[in-house]
Structure formats: C-alpha cells, structure tokens
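Chemist: structure, please.
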Amino acid sequence: MTRYVYVNAEKKLKEWKSEAEERELEKTAEEFLKKRKKVEEEDSGVAVDLEKFRNDSLLAREKVAAAMTDGLVEARKLARRKLAP
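Modeler: Residues are numbered from 1 along each chain as shown. Purely as a prediction, here's the structure:
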C-alpha cells in the first residue's frame, strides 16, 4: 500500500511539473492585466482631473473678467468725481 502512495505522489509531481509553463503563462497574463488596469485607471483619473482643471480655469477667467469690469467701472466713477468740482 505504501508503494501506491509513492507512485501516486510521483504521478502528481510529474503532472504538476508539466503544468508549470501554463501556470507561468497565467501568472504573466494576470500581471499584464493588472498593469493595464492600473494604467487605464490612471488615464481616467487624468482625464477627470483635466476636465476639472478646464472647468476651474474657465470659472477663474470669468471671475477675473467680472472683477476687471467692476474695477474699471469704479475707476471711471472715481475719475468723474475728481474732475467734477
């Protein structure tokens, strides 16, 4: 009976060794997919950040333009007051 245990163990070991290449390919494929997923997540994050930056930039430009307009209007009012006695 002990002989059968060793024979079965040898069969399993040979089978395991013959599948080593397949396991290595699976491991490589999983690593590739992980890297690809990470790159895609980073890219989508960059796209979201870029869109947010564009929106923030537009909002800032609008605020600056409004502030400049208000400032020029106030400057004209002050200039008129100084000219009028």
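
Chemist: and the longest helix seen in the chain, how far out from the chain middle?
Modeler: For the chain, the helix that runs over the most residues, judged by DSSP state H, is helix 20-83. In terms of Cα atoms, centre = their mean, to the nearest Å, the centre of helix 20-83 is found 12 Å from the chain centre.

Chemist: what mean pLDDT does it have?
Modeler: Across helix 20-83, pLDDT averages out at 88.

Chemist: quick one: the one helix or strand Ala9 maps to to chain centroid distance?
Modeler: Secondary structure from DSSP states H and E places Ala9 in helix 2-18. Between the centre of helix 2-18 and the centre of its chain there are 48 Å (Cα atoms, centre = their mean).

Chemist: check stretch 78-85 too.
Modeler: Centroid displacement of stretch 78-85 relative to its chain, using Cα atoms, centre = their mean, is 57 Å.

Chemist: picking up where we left off before, for the longest helix of the chain, name the packing helices and strands.
Modeler: Contact partners of helix 20-83 among helices and strands, from 3 or more Cβ pairs under 8 Å, 6 or more residues apart in numbering; DSSP states H and E: none. C-beta here means a position set from N, CA and C on the backbone, and glycine is covered the same way.

Chemist: what's the neighbour count on Met68?
Modeler: 10 (other Cβ atoms under 10 Å).

Chemist: what separation do you get for it and Ala60?
Modeler: As judged by Cβ to Cβ, to the nearest Å, Met68 and Ala60 stand 12 Å apart.

Chemist: cool, Glu24 as well?
Modeler: Glu24 is 53 Å from Ala60, by Cβ to Cβ.

Chemist: repeat that for Leu78.
Modeler: Applying Cβ to Cβ to Leu78 and Ala60 gives a distance of 26 Å.

Chemist: ok, Ala79 next?
Modeler: Where Ala60 is concerned, Ala79 sits at a distance of 28 Å (Cβ to Cβ).

Chemist: got it, and Ala66?
Modeler: For Ala66, the distance to Ala60 - Cβ to Cβ - is 11 Å.

Chemist: could you do Ala29 as well?
Modeler: Taking Cβ to Cβ as the measure, Ala29 and Ala60 are separated by 46 Å.

Chemist: next one: Lys11
Modeler: Where Ala60 is concerned, Lys11 sits at a distance of 72 Å (Cβ to Cβ).
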